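> Quick one, structure for this:
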Amino acid sequence: MKKLVFIIAVMLGVTIQAQEGEFNVGVNFGLPVGDASNFSSFTLGAEANYLFDVADNFKAGPSVAFVNFFGKEVGNISYDDAQFLPIAAAARYQASDKFSIGADIGYGIGINTGNDGGFYYRPLVSYDVADNIAIQGSYNGISSDGGSVSSIGLGVLFSL
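Below is the predicted model:
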């Protein structure tokens, strides 16, 4: 099994180096909305994506993130943190020199005990403040079995 994982990692590395693309990492802060606001006070997250030029002003590629919904205390009940590892496809459209819009769509793996995860979606808008730095506003949602865990957030993204 270790050999298979190693071979896949090497193949992905060769494929990524053979393509022209952009590697991005970022962090964000969010406020829970909907059902999530009943058990969580705020969210923190980190993300990484690698975007390939697909067409003029359009990029797409894989994305991985970590999102932590920090539990809060309501009355005598103390809620635990809810943690997710979203693995998604990312798409970005450069609407102007400074603004872009996009979305990440995939699956948010539930990390903590009793968390099954679910369908992950994240529409966003981005403003370039420098050549390699962008400010993002986004809505994160993870839906499963009729319920959802959602937040609105603000973050910074660095292009490496």
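> Only C-alpha atoms from now on, for both contacts and neighbour counts.
OK.
> Surely G114 is in a helix?
No: secondary structure of G114 (DSSP: H, G, I helix; E, B strand; the rest coil): coil, not part of a helix.
> shaky segments in the chain?
1-19 (pLDDT under 70).
> At the geometric centre of it, which residue do we find?
When CA atoms, centre = their mean is applied to the chain, the residue found nearest the centroid is A65 (4.4 Å).
> beta partners for that one?
E47 (DSSP bridges).
> count of neighbours near D131?
Using other CA atoms under 10 Å, D131 has 9 neighbouring residues.
> nope, A95 is what I meant
14.
> Likewise for V74?
V74: 11 neighbours (other CA under 10 Å).
> still on that earlier bit, give me the distance between the residue nearest to the centre of the chain and S40.
Using CA to CA, to the nearest Å, one gets 19 Å for the distance from A65 to S40.
> Same question for Q94.
From Q94 to S40 the distance is 33 Å (CA to CA).
> of the two, who's got more company?
Higher neighbour count among Q94 and S40: S40, with 24 against 17, using other CA under 10 Å.
> Wait, that one touches V33, no?
No: between S40 and V33 there is no contact under CA atoms under 8 Å: 9.1 Å.
> Which phi and psi values does the residue lying farthest from the centre of the chain adopt?
Distance from the centre of the chain peaks at N76, with 32.5 Å (CA atoms, centre = their mean). The phi/psi pair for N76 (degrees, to the nearest 10) reads phi -90, psi 0.
> for A36, same thing?
phi -60, psi -30.
> in the helix or strand hosting Q136, what's buried?
Q136 is located in strand 133-144, with elements delineated by DSSP states H and E. Residues I133, A134, I135, Q136, G137, S138, Y139, N140, G141, I142, S143 are the ones in strand 133-144 that count as buried (16 or more other CA atoms under 10 Å).
> Do you have the helices of the protein handy? List them.
Applying DSSP state H to the chain gives helices spanning 2-18.
> before we move on, the earlier item: quick one: the residue farthest from the centre of the chain from A130, how far?
From N76 to A130 the distance is 47 Å (CA to CA).
> pretty sure D81 is touching E73, no?
No: applying CA under 8 Å as the test, D81 and E73 come out as separate, 11.0 Å apart.
> how far does stretch 66-78 stretch from start to finish?
End to end - CA to CA - stretch 66-78 spans 22 Å.
> I would like the residues contacting that stretch, please.
Stretch 66-78 has contacts (CA atoms under 8 Å, 6 or more residues apart in numbering) with 32, 39-47, 79-86.
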